[in-house]
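Peer 1: build the 3D model from these lines:
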Amino acid sequence: MYEEKARSYIKTNIIISIGFALTFVMLVALLVKIGSTNSGLSAGRTEKATTYANNLVSNGLYYQAACEFENILREAKLDDKKKANLLFILGNLYMDNLKDYQNALATYIKLKTYYPDNPYTTEINQRVVTCLERIGRHVEAQAALQSATRIGSIESPQDKVIAIVGKRPITMSDLNEAISELPETLQVKYSTPQGKLEFLRGNLLTSELLYNLALRQGLNKDAVYLKRINKLEKNLLVQMAYEREVKDFPKVSETDLRLFFEARKDSLYKGKKFEEVRNEVAQDYIRTKRGEYESKLLEKLVAGETIEIYPESLGISAPAIKFGGGGE
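Peer 2: Down below sits the predicted model:
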């Protein structure tokens, strides 16, 4: 009797063990299959994603373009040359367009570390020095400059004097920064050495001469000038505060885009396939999420302030409206 129970117990455990083993094998196979079907962007989708990122740059959506380039670098199957090229573009986007010198510096360091044979070494070293200077790490910037100069990879620093107007020097970084503020087409036009010389002589020098004239005429003390400066300062601070806040804007993933598309494919995209309208989906997704993000940001800001509105001052017969952190 006991022997029969023992045999039954052993048989049951063997069946359970085999079942667990088969289940484990099936799970492994399933995970392998999933991994193979989501192994990254295909060549065609990589090309579309790159075109989309470039279009974002052309439309001045630099933050969104940086997110898209990072997504391409993370998910696309690229050779080392293309990865190095995209990292260089991304670093320049952070530095020249977003003025985000910390992310620019991190990107250049990654490029130098993972792809030391890249063709941009000289310019990268110059940009690393500039980034360090801009974030206040002057000692490290000087060390980086000396190190790069010692191995012959930098012929001259970004702050090399390229012209003098009166007693004020104009540096290479002054010239590059002025060019970076131009529209994309003009940036390309003035990107070559000859183009930079043309911009220096025809634009930057003219501005410096007019600036000197304004100082001699005492316009820097004019009431109209001071009022405009105050307004410009306020607008600039508003813009900088906004850009700092939206840095935390969630990055766009392929999964997010597909879920967004699936929820609207009939009502908004008229039954089209995702691949046909991916760029449109991405733009709609970013616009929708940014609207939600900005609404939450506004709620947070209002919660920290006391705000009062006086309708009577606008000719409206109504009591004062008070809300915010100190209101109702």
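
Peer 1: and the helices in the stretch 101-250 of the chain?
Peer 2: Taking DSSP state H, counting those that start in this stretch as the criterion, the stretch 101-250 of the chain contains helices spanning 101-114, 121-134, 138-150, 172-180, 184-189, 193-199, 205-216, 223-245.

Peer 1: need the winner for burial among these.
Peer 2: helix 121-134 (a mean of 21; mean count of other Cβ atoms under 10 Å). C-beta coordinates here come from the backbone N, C-alpha and C atoms, glycine included.

Peer 1: quick one, that one and helix 101-114 angle?
Peer 2: 150 degrees (axes from the mean of the first three to the mean of the last three Cα atoms, to 10 degrees).

Peer 1: quick one: distance of helix 121-134 to the chain centre.
Peer 2: 18 Å (Cα atoms, centre = their mean, to the nearest Å).

Peer 1: which strands or helices does that helix pack on?
Peer 2: helix 80-92, helix 101-114, helix 138-150 (3 or more Cβ pairs under 8 Å, 6 or more residues apart in numbering; DSSP states H and E).

Peer 1: tell me how this protein divides into domains.
Peer 2: 170-217, 218-248, 254-324 (automatic domain parsing).

Peer 1: quick check: mean pLDDT across the longest one?
Peer 2: Averaging pLDDT along domain 254-324 yields 87.

Peer 1: could you do the second one as well?
Peer 2: What domain 218-248 shows for mean pLDDT is 86.

Peer 1: do stretch 88-105 as well
Peer 2: 90.

Peer 1: repeat for stretch 169-186
Peer 2: pLDDT averaged over stretch 169-186 gives 85.

Peer 1: give me the distance between it and the centre of its chain.
Peer 2: That offset, for stretch 169-186, works out to 20 Å (Cα atoms, centre = their mean).

Peer 1: quick one on the thing from earlier: okay if I get the helices and strands packed on helix 121-134 as TSV plus distance to residue 288?
Peer 2: Shown next, in TSV, are the helices and strands packed on helix 121-134 (distance: least, Cβ to Cβ, whole Å):
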stretch	distance to residue 288
helix 80-92	25
helix 101-114	25
helix 138-150	41
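
Peer 1: would CSV of the helices of the stretch 101-250 of the chain with distance to residue 294 be doable?
Peer 2: Below are the helices of the stretch 101-250 of the chain laid out as CSV (distance: least, Cβ to Cβ, whole Å):
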stretch, distance to residue 294
helix 101-114, 22
helix 121-134, 28
helix 138-150, 36
helix 172-180, 27
helix 184-189, 26
helix 193-199, 36
helix 205-216, 35
helix 223-245, 9
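
Peer 1: relative to residue 65, which of those helices is closest?
Peer 2: helix 184-189 (11.3 Å; Cβ to Cβ).

Peer 1: what sits against residue 124?
Peer 2: 88, 91, 108, 111, 112, 118 (Cβ atoms under 8 Å, 6 or more residues apart in numbering).

Peer 1: the first one: neighbouring residues, count only.
Peer 2: Residues contacting residue 88 under the criterion other Cβ atoms under 10 Å number 20.

Peer 1: for stretch 266-278, measure first residue to last.
Peer 2: Length of stretch 266-278, first residue to last, Cα to Cα, to the nearest Å: 15 Å.

Peer 1: how about it, which residues are buried there?
Peer 2: Neighbour counts using 16 or more other Cβ atoms under 10 Å place 269, 277, 278 of stretch 266-278 among the buried residues.

Peer 1: and those residues, which is closest to residue 242?
Peer 2: residue 278 (27.9 Å).

Peer 1: which helix or strand contains the residue lying closest to that closest one once chain neighbours are set aside?
Peer 2: Spatially, and ignoring its direct neighbours in sequence, residue 278 is nearest to residue 48 (6.2 Å; Cβ to Cβ, 6 or more residues apart in numbering). Applying DSSP states H and E as the criterion places residue 48 in helix 43-58.

Peer 1: what angle do the following helix or strand past that helix and helix 80-92 make?
Peer 2: Once the chain leaves helix 43-58, the next helix or strand it forms, by DSSP H and E, is helix 62-75. Interaxial angle of helix 62-75 relative to helix 80-92 (the same axes, to 10 degrees): 160 degrees.

Peer 1: so residue 282 touches residue 252, yeah?
Peer 2: Yes. Between residue 282 and residue 252 a contact is recorded at 6.5 Å, counting by Cβ atoms under 8 Å.

Peer 1: name the element residue 281 belongs to?
Peer 2: Going by DSSP H and E, residue 281 is in helix 278-303.

Peer 1: that helix versus helix 223-245: what angle between them?
Peer 2: 110 degrees.

Peer 1: and helix 278-303, what's buried?
Peer 2: Quick answer for helix 278-303 (16+ other Cβ under 10 Å): 278, 281, 282, 283, 284, 285, 286, 293.

Peer 1: which neighbours do residue 282 and residue 252 have in common?
Peer 2: residue 68.

Peer 1: returning to that earlier point: helices and strands around the helix holding residue 48, which ones?
Peer 2: So helix 43-58, by 3+ Cβ pairs under 8 Å, 6+ apart, packs with helix 62-75, helix 278-303.
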